[in-house]
Structure formats: structure tokens, C-alpha cells
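S.K.: Prediction below, plus the sequence it came from.
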Amino acid sequence: MEYENILYGVEDKIATITLNRPEKRNALSPALRRELIAALRNAEADDDVSVILIQGAGPAFCAGYDMNSYAGGEEHPERPDGWNHSELFENWTGQFPRSCLRDWLAIWDLLKPVVAKVHGYALAGGSELMSMCDIVFAAEDTVMGYPPTRAQATPDVEYFPWKMSMAQAKYLQLTGNSVTGKRAEELGWIAKSFPSDELDEQVMRELRPMAQLHPAMLAANKQALNQSYEAMGFRAALQSVVPWYVLARSFRPGAGEFQTKAAAEGLKSALKWRDGAFQDEGFIL
């Protein structure tokens, strides 16, 4: 497969997938998502690959989903794979969050470990992609969080209860506040954080010996861990919250107000409306 939105390479048993839309802060368009999943499956099938690394080109790991490509920004918006266009299903079954969950569970189900190297920003959908990877390393000054929970919808992929304590999960999802990579490590959200100028070096220091382990041993350990979380209801829980996204996005009182403001007054005005009170109190990183 020829890639237009990612870079792909293999060296020393490490397959590196680079999100390559730096001008959009690697916003997740349907095309980028499609290429990312294809590259993951390609790496899984390659016996010369033991570990898969996902990183972002430019100033950010990933600023979220490219909503302009999904919702009205284009005359014929592109849809992710698996979208059901039938009038019987399209408007109420959560096509968008179901597609996100379907994509990121591909990482969960992959036999090989997937590591995220995160810098700059990992927001909303970018934080979902990051959080569904097996191991996350980040720069200490990375900004990660889910601001859309303030006004738009619940998360597409409800990772919060599985990645941190109840106290922190409720705090971050209810407020929409973000934290630094250093704080995310303290919360147990990610594995380790490093000074930004050491991130590349330190991540490779982690991956080089890991990549020398037998791929079958890595697969056995990943599947054993995943099976324990499956027994605790991980997959069922992620699937069960899709209706809450639909209710929050489309049917609750005030649903669509952010989108209406963005269309009428511009995105900056809508963001100020959504985030202004938190910015006034110093919670915007």
C-alpha cells in the first residue's frame, strides 16, 4: 500500500508509523485512520518486526479528529470504513464513535505491542489513539486531555476509567481539563515521561532491548494482560457508552450549541465560549 498521510519504515525489528499531516497537527482524517490501521496490520504480518512505534510529525502527536472532513466542512464528507449510510441507522446508532472504537480496538487486538511516542499535543481523538496503545512514552511538556467533554459530547472511546483512578478519571472527564505528560505519568495514565529534548533518545533506549525479545513471547504477554482486562469487562464497557455519546452529541438539552456557534461565529469564538471560564481560572495549558 502506498501511503499519503503516514510514513512507514522498519529498522532493527521496530516498525515506525509516523502520522504525517503536520500542517493539521496530525488531525485524524478518515484517510489517515485507514492508512494507520493498514500499516499496523502490515507490521503485524512482518516477521522482521517485533515492536510497533506510533509517533507524530511536526509540532504535535495528534490534536484530535479532523472534524472538517467528517461534518459539513466538505460538500461530500468522507466517512470511516464500516460506516452505514442507511437512513435506518446513520443518525442514531453512533456511527462515528463506533468507527473510532473499531479502529482503536485494532491496536488492542494486534498480536504485537504498540508503543506511542507523544509530544506537543494529544487531545480528544489523539488522546484516544494514545491511550489505546500498549505503552505510552511522552515528553514532560506534552498537553493531553479531552476539552470537548465540556460542551460537545462524551468521549468516543471511554478510556478514562481504565487508565487512571476514579478520582482522576472523574476530574479530567467532567472538567475537560488537560495535564502535562509529566503529570500524566504521575497519574498512571502513561508509562513514562522524559524531557522533550531527550524524548527520542530515551524512547529508543526503551525499545531497542524490547525489540530483541521473541515476538511470540511479546504476543503471549500482551494477550495474557488483555484477557484479564477483558474478563473485567473492558471491551463491553467501551461498547456500552456509545449511546451516551449519541445522547450527549445529538439529543440532550443544549446539544449542538458548540457546532452552531462555530458555524455562525467561527471556531475561535466557539472555543472561547467553551473554554473561557477555565482559561480565566488558569486551567488552560
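M.R.: Perfect, I can see it now. Note that the structure is predicted; figures quoted are calculated from it, not measured.

S.K.: Now the nearest residue to S178 once chain neighbours are set aside. Its backbone dihedrals?
M.R.: Nearest residue to S178, sequence neighbours excluded (C-beta to C-beta, 6 or more residues apart in numbering): G145, at 2.8 Å. C-betas here are computed from N, CA, C, even on glycine. For G145, the backbone dihedrals are phi 170, psi -170 (criterion: degrees, to the nearest 10).

S.K.: what's the closest non-adjacent residue to A60?
M.R.: G120 (3.4 Å).

S.K.: Residues contacting stretch 91-103, please?
M.R.: Stretch 91-103 is contacted by residues 33, 36-37, 65, 70, 79-84, 89, 125, 128, 156-157, 238-239, 242-243, 245-246, 250 when judged by C-beta atoms under 8 Å, 6 or more residues apart in numbering.

S.K.: pretty sure M130 contacts T142?
M.R.: No - taking contacts as C-beta atoms under 8 Å, M130 lies outside contact range of T142: 9.3 Å.

S.K.: Now the common contact residues for those two.
M.R.: With contacts taken as C-beta under 8 Å, 6+ apart, M130 and T142 have 61, 118, 122 as neighbours in common.

S.K.: what's the burial count for the closest residue to G94 other than its chain neighbours?
M.R.: If the residues on either side of it in the chain are set aside, G94 comes closest to V242, at 4.2 Å by C-beta to C-beta, 6+ apart. Other residues within reach of V242, judged by other C-beta atoms under 10 Å, total 21.

S.K.: before we move on, what about the one 3 residues further on?
M.R.: Residues within reach of Y245, counting by other C-beta under 10 Å, total 22.

S.K.: measure it to L32 for me?
M.R.: Per C-beta to C-beta, to the nearest Å, Y245 is found 21 Å from L32.

S.K.: Dump the least confident helix or strand in the chain by mean pLDDT to CSV, restricted to CA.
M.R.: Within the chain, confidence by mean pLDDT, DSSP states H and E is lowest for helix 257-265 among all helices and strands, at a mean of 92. In CSV, the C-alpha atoms belonging to helix 257-265 read as follows (Å, rounded to 0.1, in the frame of the first residue of the first chain):
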residue,chain,number,x,y,z
GLU,A,257,-24.7,24.5,20.6
PHE,A,258,-21.0,24.4,20.1
GLN,A,259,-21.4,23.5,16.4
THR,A,260,-24.0,26.2,15.9
LYS,A,261,-21.7,28.8,17.4
ALA,A,262,-18.8,27.6,15.3
ALA,A,263,-20.8,27.8,12.1
ALA,A,264,-22.2,31.2,12.9
GLU,A,265,-19.3,33.0,14.6
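
S.K.: which residues of this structure fall in strands?
M.R.: Counting by DSSP state E, the chain forms strands over residues 6-11, 14-19, 51-56, 114-118, 121-123, 135-139, 143-145, 178-180, 192-194, given from the N-terminal end onward.

S.K.: who touches the fourth one?
M.R.: Counting by C-beta under 8 Å, 6+ apart, strand 114-118 makes contact with 40, 51-56, 61, 107, 129-130, 133-139, 142, 144, 181, 190, 199-200, 203, 206-207, all of which sit outside it.
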